[in-house]
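K.L.:
Dropping a prediction and its sequence here:
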Amino acid sequence: MSPDAGGDGTTGETSRFMGGLSGLGAPGDADEAARAEAAASPVISALQARRSVIPPGSPYAKIVDPVLAANSRPAEAELRSARLRARAASKNWLPKIGPNISLTSLSDVIAQLVVEQVLFDNGRKKAERAFAKADVEVAAVTLVEDTNDRIRTALSLYLTAMKARERRVLEERTLKDMEHFEWVMSERVSGGISDGSDLNVLRQKLAEIRATLAAQSEAEATALAELNAMSTRPLDDITGLSDLSRAKGDIRPIEVLRAEAEKSRDIASAQVERGGLLPGLTAGGTLGDNGSGIGLNVSSDQLLGLGTGDSLNAIKATQEAAAARVGQAEEDAQRRTARLQNRLSALTRQVDEATALASRAKANLDLFQSQYKAGQRQVMDVVGVYETFAARQAATLDLKYERFETQLQIAEHLGVLAEGNRL
């Protein structure tokens, strides 16, 4: 008997898909199994075709490898479980047998063998196989989502640490310059040239800078500690930044692939439920002592009633709702992609503008300092211009790291932070 038996019209596609999973326990057949899955499932094929946008040899790549090595990968265990369930479901068209042993008296034991074969089930067995296949797809999407989320979390922590480190360098430089202004003002107050109000203002500014400096040091230490907890080795020595590569080809966002996999699973589940509402034909009986032989049986999981028609219509509506969710997921994904891409373009422009503004603020500061040395400006005039310059530097830093973070968000949204064929 072939897998097409049972009156459910199963095609060879499911058999090929499940056949690729038969080598699950053999490491040498892993590539063959992966190719079989990809050939039978557009979702898994799309996942495996993804290429990471993290440049090889970059600081990001040096973080990703130890972070993934430390991953416990619970989603991978769930995928393995789903594959085993799919392999078991691929044989659901075969006859089922089981013992039937009864004790009629203290000295009389009757042993029989129960045999049952489904001949027609309104597509239920086929739907069970389709459900198991879709369950593998959902588990595969979950694995890719979890891996990309872990990489994004690790790289976000790294960006937080690098931003705090750069900000700390800026604050240390600002602190050093402001301490010089405070010394000058202190000397002027001691000489009776200026009153103490300006000196108090400067000391207040110094206290704020020191507080910011301490906060940045704490932020860097916290981010690195959390990052190291995700890794197999300390990552404190890694420095540098890099832009992510552009994703190649027409990449569909992960959430759309999840919606498609869940759609297939929901439709298969509805078809299983439908098969349980309608009568099916099975051949079976008992073999052995006093066995009844093989006979035909027409039955259903539930008795037919006045509400059966509405139940069937509800199942059909469930299938339509599953298809509608895919369309909504595509729309939401397109909106988010457009929003993030426009945000990235805006941040790129804003970084350039902020850099230019910081350069002009530096030129203005140099002018004020030269005028101060010539006796044309007061100390507090230079301090005010210096604060503007320091603020421009900090704003440029914030925009630069926000741009890097937006790149990570886009890559995670598309699911291209990890190599698909390595998952």
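P.N.:
Alright, I've got the coordinates. Remember, predicted model here, so these are calculated numbers, not experimental data.
K.L.:
OK, contacts around Met230?
P.N.:
Val67, Ala70, Arg150, Thr153, Ala154, Leu157 (C-beta atoms under 8 Å, 6 or more residues apart in numbering). Every C-beta, even on glycine, is put in place using the N, C-alpha and C of the backbone.
K.L.:
Swap in 10 Å and give it another go.
P.N.:
Each residue near Met230 by C-beta atoms under 10 Å, 6 or more residues apart in numbering is listed here: Ile63, Pro66, Val67, Leu68, Ala70, Asn71, Arg150, Thr153, Ala154, Leu157.
K.L.:
So the residue nearest the centre of the chain: helix, strand or coil?
P.N.:
The geometric centre of the chain, computed from its C-alpha atoms, lies nearest to Glu145 (C-alpha atoms, centre = their mean), at 2.8 Å. The local conformation at Glu145, judged by DSSP: H, G, I helix; E, B strand; the rest coil, is helix.
K.L.:
And the pLDDT at it?
P.N.:
According to the prediction, Glu145 has pLDDT 93.
K.L.:
measure it to Leu47 for me?
P.N.:
Look at Glu145 and Leu47: by C-beta to C-beta, to the nearest Å, they are 10 Å apart.
K.L.:
Spit out the residues that contact the two alike.
P.N.:
Taking C-beta under 10 Å, 6+ apart as the contact criterion, the residues that touch both Glu145 and Leu47 are Ile254, Leu257, Gly415.
K.L.:
quick one: which of these is nearest Ile267?
P.N.:
Leu257 (15.9 Å; C-beta to C-beta).
K.L.:
Assumed that closest one was part of a strand.
P.N.:
No: under the criterion used here (three-state DSSP), Leu257 is helix, not part of a strand.
K.L.:
Make sure it is actually in contact with Ala329.
P.N.:
Yes: using C-beta atoms under 10 Å, Leu257 is in contact with Ala329, at 9.0 Å.
K.L.:
Neighbour count for the two, which is higher?
P.N.:
Residue environment comparison for Leu257 versus Ala329 gives the larger neighbour count to Leu257, 26 against 19, counting by other C-beta atoms under 10 Å.
K.L.:
Just the pLDDT for that one.
P.N.:
In this prediction, Leu257 carries a pLDDT score of 93.
K.L.:
where exactly do the strands run in the stretch 101-250 of the chain?
P.N.:
Read by DSSP state E, counting those that start in this stretch, the stretch 101-250 of the chain holds these strands, from start to end of the chain: 108-120.
K.L.:
What's the separation between Phe120 and Asp195?
P.N.:
Spatial separation of Phe120 from Asp195 under the definition C-beta to C-beta is 101 Å.
K.L.:
the more surrounded of those two?
P.N.:
Taking neighbours as other C-beta under 10 Å, Phe120 and Asp195 compare with Phe120 leading, 17 against 10.
K.L.:
didn't that one look like it was pressed against Asn297?
P.N.:
No: using C-beta under 10 Å, Phe120 is not in contact with Asn297; the gap is 11.2 Å.
K.L.:
between these two, what contacts are shared?
P.N.:
Gly280, Leu281, Thr282.
K.L.:
Please put the alpha-carbon coordinates of the helix or strand that contains the last one into CSV.
P.N.:
What that stands for is Thr282. Per DSSP states H and E, Thr282 falls inside strand 280-288. Coordinates of the C-alpha atoms in strand 280-288 are reproduced here as CSV (Å, rounded to 0.1, in the frame of the first residue of the first chain):
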residue,chain,number,x,y,z
GLY,A,280,-14.7,7.5,7.5
LEU,A,281,-14.2,3.9,6.3
THR,A,282,-11.7,1.6,8.0
ALA,A,283,-11.0,-2.1,7.6
GLY,A,284,-10.1,-4.0,10.7
GLY,A,285,-10.7,-6.8,13.1
THR,A,286,-9.0,-9.2,15.5
LEU,A,287,-6.8,-12.2,14.7
GLY,A,288,-6.1,-15.0,17.0
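K.L.:
Show me what it is packed against.
P.N.:
strand 96-105, strand 108-120, strand 293-299 (3 or more C-beta pairs under 10 Å, 6 or more residues apart in numbering; DSSP states H and E).
K.L.:
switch to 6 Å and redo it
P.N.:
Helices and strands touching strand 280-288, as assessed by 3 or more C-beta pairs under 6 Å, 6 or more residues apart in numbering; DSSP states H and E, comprise strand 108-120, strand 293-299.
K.L.:
Please spell out which residues along that strand are buried.
P.N.:
Neighbour-count burial for strand 280-288, counted by 16 or more other C-beta atoms under 10 Å, picks out Gly280, Leu281, Thr282, Gly284, Gly285, Thr286.
K.L.:
And for stretch 42-55?
P.N.:
Within stretch 42-55, the residues scored as buried using 16+ other C-beta under 10 Å are Val43, Ile44, Ala46, Leu47, Gln48, Arg50, Ser52, Val53, Ile54.
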